[in-house]
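S.K.: Structure, please.
(2 chains, ligands or ions: 2)
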Amino acid sequence: MLRVEGVRKLYGDFCALEEVSLEIQAGEFVSIIGPNGAGKTTLINVVTGLLKPTSGTVHFKDRDIRGIGPVRLAKLGMARSFQLVTIFPELSVLEAIQVAIVSRLGRGTRLFHALAADREVRDQALEVAELFGLQDKRDARARQLPQGDKKLLDVASAFALRPECILLDEPTSGVSTAEKNTIMQIVVQASKRMGIRSIIQVEHDMDIVFGYSDRIVALHQGKVLADASPAEIQADEQVMSMVVGRPTH
Amino acid sequence: MAGPAVAQTSPRAGARAFAPGAWVLALAVLAVLVAPLVVSPYYLTKMLPFFAYGVVLLGLNLLVGYTGLLSFGHALFLGVGAYTVSVATTRLEIRSFEVILLLAALTAAIVAAPIGALCVRYVKIYFGMLTLAFGMLFYSFLIKFYAVTGGDQGLRVAQHSLLGLFEARSGERVRFLTGQFYYYAAAVLAILALVMWRIVRSPFGLCLRSIRDNPEKAEYLGVSVRRHRWYAFMLSAVYAGIGGALLGPVTGQVDPTLVYWTHSGNLVFMVLLGGFTSFFGPLLGAFVFIFLQDQIMSVVPYWRLVFGAILAAIVIFAPTGLMGLLSQRPTLPRWAVLRQAPGPEHAN
Ligand SMILES: Nc1ncnc2c1ncn2[C@@H]1O[C@H](COP(=O)(O)OP(=O)(O)O)[C@@H](O)[C@H]1O
Ligand SMILES: [Mg+2]
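M.R.: Ligands and ions are numbered 1, 2, ... in the order given. Model (predicted):
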């Protein structure tokens, strides 16, 4: 579904990604791990068309998506959430989700239709809010939500696009350990319900990574250090010490 | 810059919080309707610019309050509308004011299309500066192309008719303006306010607000940011054009000061004064501005000085404007709101 081949990304002289290749199949849950500065966010940005790779190719559903930009990417069926929470501070929870639905249904340029009267948009938004446990806060302003809910809303609005493939950049960073598991369970459940086929996430918490991934890609200084199943990664002491920063016991 | 991104209340929520507002609005409409029966012609003639500026500001606030783009050159489109009236009545012999309004809207849209397409590629101060620059360009054009525009003398506005029924007979201009034209302009404002009310509650309006709050996130949700900004720009220009056309007959004369940058500044001032975070804020701003200016000017000659001080006070103490002050719920201290407002959500 997603094919990254020999991608290099330079920031000036600094090489953030070097010969990165990976392939994601439909139905896979892939975690990208690596220490800070390894190039995980850069990789997500290249894959989601925000950054153009210096060299190499990125294909999504056999289409070259290098630098095509977020809007066309969303239409193609790819969505993302951000490392730092990105919400619409002044919109309500339901409205934030509705933005995605309105754009997916191609109704963003309807000037004289009442949004409140659009049952289809409203029902779909309520469904997503419910999946993410946000239904009771649907009228709350996004900026008034607690941190964990902001993260959830960010992810929920991306899910509302009903993409085939979703990239989550540290979906559980900055929330408590207890909340991390809740968020992951919601993500897995919601993706099943909404027909999302592949999930690619960047994650630091190794319990989460080993608990949910089908496959793990370890990045280190811009290079793919390992690309294997959780069991294989766990057994690989070199990767564990370099990427996780602690030896296995 | 206390830009629109710092909106404390979204326009929609502001309107909801101000639920008794429906009554206030009804009273205001009633007052406008009965005013010609009880108020002196002097004050009635002050209401005419209010109707005209009201239309302009509804459009400007679509850009400022809802899309998060602060235009410093909006008087350009107001000027386009006003000059359209003048050219239509004096050169093209068009009498029907409805046709003239349509023409003004159309001309404003045609002028705004390329300007908007360029300006919306930029945001914040760069957007503001570009709109300012286009305003200045148009001002120079009006001054230099004497043959078409009458230069700094401007052009007069000639005879026109409302609905094909009413027109000013010679010597009865004031009676016409405070009578038929008064109601006509009020009706245009009311209709355009209803239309704008619908627009900001449409899926399109939601997309604009998402762009104002976080354009990057909006793009990743599939909202085409530039296209929406461009549409908003055109719509606000059309409103400014129609508002400018309403202003023409009131002054009876149009001249380049209409599009001078200080006039654009006044428009921004009215928006801030009333409050860009609420739908009706800019209308309140226009009303207060016009009558305050009138009162202060009759007392001291330095009205700009007084207005400058007021503007500073508003930006510092009441960033949501008069409407914000009126609809504020006392349970929420302002510092608490401010501390949460822009926050790290905008960073990435
Ligand atoms: N826009 C940029 N310009 C220059 N260097 C950058 C930029 N973005 C990231 N980097 C550098 O690239 C490296 C990888 O960054 P990033 O992809 O954010 O890492 P990660 O998400 O794995 O922590 C870091 O050393 C970072 O300093
Ligand atoms: Mg990162």
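
S.K.: what ranges do the helices span in the stretch 1-150 of chain B?
M.R.: Counting by DSSP state H, counting those that start in this stretch, the stretch 1-150 of chain B has helices at residues B:11-17, B:21-38, B:41-61, B:75-90, B:97-119, B:124-144, B:146-149.

S.K.: can you list those helices in a markdown table and add mean pLDDT, mean neighbour count and distance to ligand 2?
M.R.: For glycine as for every other residue, the C-beta is placed from the backbone atoms N, C-alpha and C. Output for the helices of the stretch 1-150 of chain B, formatted as a markdown table (pLDDT from 0 to 100; neighbours: other Cβ atoms under 10 Å in any protein chain shown; distance: least, Cβ to the ion, whole Å):
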| stretch | mean pLDDT | mean neighbour count | distance to ligand 2 |
| --- | --- | --- | --- |
| helix B:11-17 | 48 | 20 | 33 |
| helix B:21-38 | 89 | 12 | 45 |
| helix B:41-61 | 95 | 24 | 38 |
| helix B:75-90 | 95 | 27 | 44 |
| helix B:97-119 | 96 | 19 | 34 |
| helix B:124-144 | 92 | 18 | 26 |
| helix B:146-149 | 84 | 13 | 57 |
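
S.K.: would you turn these into a markdown table with distance to residue B:67?
M.R.: Below are the helices of the stretch 1-150 of chain B laid out as a markdown table (distance: least, Cβ to Cβ, whole Å):
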| stretch | distance to residue B:67 |
| --- | --- |
| helix B:11-17 | 11 |
| helix B:21-38 | 23 |
| helix B:41-61 | 9 |
| helix B:75-90 | 16 |
| helix B:97-119 | 11 |
| helix B:124-144 | 10 |
| helix B:146-149 | 31 |
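
S.K.: Number of residues surrounding residue A:154?
M.R.: Using other Cβ atoms under 10 Å in any protein chain shown as the criterion, residue A:154 is surrounded by 25 other residues.

S.K.: Please name the nearest non-neighbouring residue to it.
M.R.: residue A:81 (4.8 Å; Cβ to Cβ, 6 or more residues apart in numbering or on different chains).

S.K.: For the one you found, list each beta-bridge partner.
M.R.: Beta-bridge pairing for residue A:81 (DSSP bridges): residue A:168.

S.K.: residues near it, how many?
M.R.: 26.

S.K.: measure it to ligand 2 for me?
M.R.: 12 Å (Cβ to the ion, to the nearest Å).

S.K.: List the contacts of that residue.
M.R.: Going by Cβ atoms under 8 Å, 6 or more residues apart in numbering or on different chains, residue A:81 touches A:151, A:154-155, A:158, A:166-169, A:171.

S.K.: Pull out the buried positions in the helix ranked longest in chain A.
M.R.: For chain A, the longest helix by residue count, based on DSSP state H, is helix A:177-193. For helix A:177-193, a neighbour-count test (16 or more other Cβ atoms under 10 Å in any protein chain shown) marks A:179-181, A:183-184, A:186-187, A:190-191 as buried.

S.K.: Stretch B:161-175 too?
M.R.: For stretch B:161-175, by 16+ other Cβ under 10 Å, it's B:162, B:166, B:168.

S.K.: Ok, stretch A:54-69 next?
M.R.: Neighbour-count burial for stretch A:54-69 [16+ other Cβ under 10 Å]: A:56, A:58, A:60, A:65, A:68.

S.K.: sorry, back to before: can the buried residues of helix A:177-193 go into CSV with extra columns for pLDDT?
M.R.: Converted to CSV, the buried residues of helix A:177-193 look like this (pLDDT from 0 to 100):
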residue, pLDDT
A:179, 83
A:180, 87
A:181, 88
A:183, 88
A:184, 90
A:186, 91
A:187, 92
A:190, 92
A:191, 92
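
S.K.: and those residues as CSV, adding distance to ligand 1?
M.R.: CSV is the format used below for the buried residues of helix A:177-193 (distance: Cβ to the nearest ligand atom, whole Å):
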residue, distance to ligand 1
A:179, 21
A:180, 18
A:181, 22
A:183, 19
A:184, 19
A:186, 23
A:187, 19
A:190, 24
A:191, 22
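
S.K.: just so I have it, where are all the helices in the stretch 151-300 of chain B?
M.R.: Counting by DSSP H, counting those that start in this stretch, the helices of the stretch 151-300 of chain B are B:173-176, B:182-200, B:203-213, B:215-220, B:225-251, B:261-274, B:281-299.

S.K.: Let me know the secondary structure of the residue nearest to residue B:213 when sequence neighbours are not counted.
M.R.: Once flanking residues are discounted, residue B:213 sits nearest to residue A:88: 3.7 Å by Cβ to Cβ, 6+ apart. Per DSSP: H, G, I helix; E, B strand; the rest coil, the local secondary structure of residue A:88 is coil.

S.K.: tally of neighbours for residue A:88?
M.R.: Neighbours of residue A:88 (other Cβ under 10 Å): 28.

S.K.: Distance of the most centrally placed residue in chain B relative to residue B:73?
M.R.: Nearest to the mean C-alpha position of chain B, by Cα atoms, centre = their mean, lies residue B:57 at 1.7 Å. Per Cβ to Cβ, to the nearest Å, residue B:57 is found 15 Å from residue B:73.

S.K.: likewise residue B:279?
M.R.: 23 Å.

S.K.: For the two, work out which one has more neighbours and name it.
M.R.: More crowded of residue B:279 and residue B:73, by other Cβ under 10 Å: residue B:73, with 27 against 24.

S.K.: Correct me if wrong: that one contacts residue B:131.
M.R.: Yes. In this structure, residue B:73 is within contact of residue B:131 by Cβ atoms under 8 Å, at 3.5 Å.

S.K.: For those two, list the residues in contact with both.
M.R.: residue B:264.

S.K.: what sits against residue 98?
M.R.: No chain was given, so I picked chain A. A:115, A:121-122, A:125, A:160, B:203, B:206.

S.K.: Sorry, I should have been clearer: chain B.
M.R.: Residue B:98 sits in contact with B:162-163, where contact means Cβ under 8 Å, 6+ apart.

S.K.: Starting from residue B:25, give me the distance back to the residue nearest to the centre of chain B.
M.R.: 16 Å.

S.K.: And for residue B:109?
M.R.: Distance from residue B:109 to residue B:25, by Cβ to Cβ: 29 Å.

S.K.: Check whether the helix or strand hosting residue A:42 comes near ligand 1.
M.R.: Secondary structure from DSSP states H and E places residue A:42 in helix A:40-47. Yes. Interface with ligand 1: helix A:40-47 contributes A:40-42 (Cβ under 6 Å from any ligand atom).

S.K.: Closest one of those to chain B?
M.R.: Chain B has its nearest neighbour among these in residue A:41, at 9.3 Å by Cβ to the nearest Cβ.

S.K.: Could you report the neighbour count for residue A:214?
M.R.: For residue A:214, using other Cβ under 10 Å, the count is 15.
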